[in-house]
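**Q** My questions concern the predicted model and sequence given below.
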Amino acid sequence: MTSAQEPVVVDVLIVGAGPVGLYGAYYAGFRGLKVALIDSLPEAGGQVTAMYPEKQIFDVGGFPTIKGRELVANLVAQAAPFEPIYLLGEQADKLDRMPAGDDGPDILVVTTSSGTPVYAKAVIVSSGIGTFTPRPLPNGSSYENRGLSYFVPDLAPYAGQDVVIVGGGDSAFDWALALEPLARSVHLVHRRDKFRAHEHSVSLVRDSTVQILVNAQVREILGTNMVEGVDIAISGQPEPLVLSCQRIIAALGFTANLGPLLEWGLDIQHHRHIPVDSAMRTAQPGIYAAGDITEYDGKVRLISVGFGEIATAVCNAAHHMNPAMSVFPGHSSDIPPPPPPAPRESALSEQSVPAA
């Protein structure tokens, strides 16, 4: 971790260390560029690490199936030979420009939430939906970390437990499927009789031992110090249903916030998506975007699509920094593997950076 106030000097700064950002770190290294990644979460992997580490992912090329945790570990290992700098638990805050005149592109200066200045010739935003906060379960605040959770980073604590999952989206059904073989019992509670989850996941849960309660809402969490049960109101039933449980997972969605990015002068649609052209350029020179945060005609929000977008962004950023560099780097199979890591300077001269 780089200490606060100590300048970080790189060629490319990637905002967002989820799977797309991590692949961008590899690809920047492949192009001979020094790269840093910044993410508000304390670990690399973005939403996958925070929310779906045990989820099986089926739509990444070359992997019939892979757990989210394993995908992130592989991406970190893929980028490791190029020694990316990780600024985790930090938010990209203020953006400034240092005009370079006729000698090249402006130097972009991004100050982090801890006050660390990062100097780069290009910035790629791959922050997905930005920072995200789970929607709280009503009357549940006093039970947080005492049996009530909003994410499931580790399945082990749920083994042999009675679990109630509240929600009707993909997260709720994914966790129901993951926990069904481990937990003593799993109930899924949803306020409607229609689900937002993928139909295949719904079908798998219906065919499992998970008990689904529809048109139902948790009225009260029971227990003195820890979760001991829930009081559930079910539409059409005069008496509430009381379930004994030791674990509750509230999968009620989350609110997203792009935070300081909204002040960067980018064209942001509905406070959520950044329009880009075919080179992944945004409306701000030197700033590119890739992954779920981008918007263009025909956009498909998949990890596999984001991988291609950030490779495109890196290659065009390389050409932006140095017009002598071709946008197309050639195929990696035609290039020798990278040598063992060795100290190397950024294309952005240290002498051009003011003293901290």
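**A** Nice, thanks for sending it over.
**Q** which residues touch residue 87?
**A** Neighbour list for residue 87: 1-2, 8, 36-39, 112, 116, 118 [criterion: CB atoms under 8 Å, 6 or more residues apart in numbering]. Where you see a C-beta, it was placed from the backbone N, CA and C, and this is true even at glycine.
**Q** Can you say which of these are buried?
**A** The neighbour-count criterion (16 or more other CB atoms under 10 Å) marks 2, 8, 36-39, 112, 116, 118 among those as buried.
**Q** where are the low-confidence patches of the stretch 151-300 of the chain?
**A** Residues of the stretch 151-300 of the chain that meet the criterion pLDDT under 70 lie in 256.
**Q** Please enumerate the helices of it.
**A** Counting by DSSP state H, counting those that start in this stretch, the stretch 151-300 of the chain has helices at residues 170-179, 199-206.
**Q** Can you tell me which of those is packed in deepest?
**A** Across these, averaging neighbours per residue (mean count of other CB atoms under 10 Å) puts helix 170-179 on top, at a mean of 23.
**Q** Show me what that one packs onto, helices and strands only.
**A** Packing contacts for helix 170-179, counted by 3 or more CB pairs under 8 Å, 6 or more residues apart in numbering; DSSP states H and E, involve strand 162-166, strand 185-189, helix 199-206.
**Q** by contact count, what packs against the longest one?
**A** Think helix 199-206. Judged by 3+ CB pairs under 8 Å, 6+ apart, helix 199-206 is in contact with helix 170-179.
**Q** Only C-alpha atoms, please: export the helix it packs on in PDB.
**A** The C-alpha trace of helix 170-179 is given here as PDB (Å, rounded to 0.1, in the frame of the first residue of the first chain):
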ATOM      1  CA  ASP A 170     -30.200 -13.200  -8.700                       C
ATOM      2  CA  SER A 171     -28.200 -12.800  -5.500                       C
ATOM      3  CA  ALA A 172     -30.900 -14.400  -3.400                       C
ATOM      4  CA  PHE A 173     -31.200 -17.400  -5.600                       C
ATOM      5  CA  ASP A 174     -27.500 -17.800  -6.100                       C
ATOM      6  CA  TRP A 175     -26.900 -17.900  -2.400                       C
ATOM      7  CA  ALA A 176     -29.900 -20.300  -1.900                       C
ATOM      8  CA  LEU A 177     -28.300 -22.700  -4.400                       C
ATOM      9  CA  ALA A 178     -24.800 -22.300  -2.800                       C
ATOM     10  CA  LEU A 179     -26.000 -22.800   0.800                       C
END
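**Q** So which residue is dead centre in this structure?
**A** Centroid-nearest residue in the chain, with CA atoms, centre = their mean: residue 46, separated by 2.7 Å.
**Q** For residue 212, give the beta-bridge partners.
**A** residue 188 (DSSP bridges).
**Q** so who does it touch?
**A** 187-188, 190, 205-206.
**Q** hang on, the earlier thing: looking at the helices of the stretch 151-300 of the chain, which is closest to residue 100?
**A** When the helices of the stretch 151-300 of the chain are compared by CB to CB, helix 170-179 sits nearest residue 100, at 45.2 Å.
**Q** Just confirm residue 114 is within a helix.
**A** No - checked against DSSP: H, G, I helix; E, B strand; the rest coil, residue 114 lies outside a helix; its state is coil.
**Q** and it, how many neighbours?
**A** Here the number of neighbours of residue 114 (other CB atoms under 10 Å) works out to 15.
**Q** can you pull out the strands in the stretch 1-150 of the chain?
**A** Listed in chain order, the strands of the stretch 1-150 of the chain (DSSP state E, counting those that start in this stretch) span 8-9, 12-15, 35-39, 56-57, 66-67, 85-88, 92-98, 107-112, 117-120, 122-125, 131-134, 148-149.
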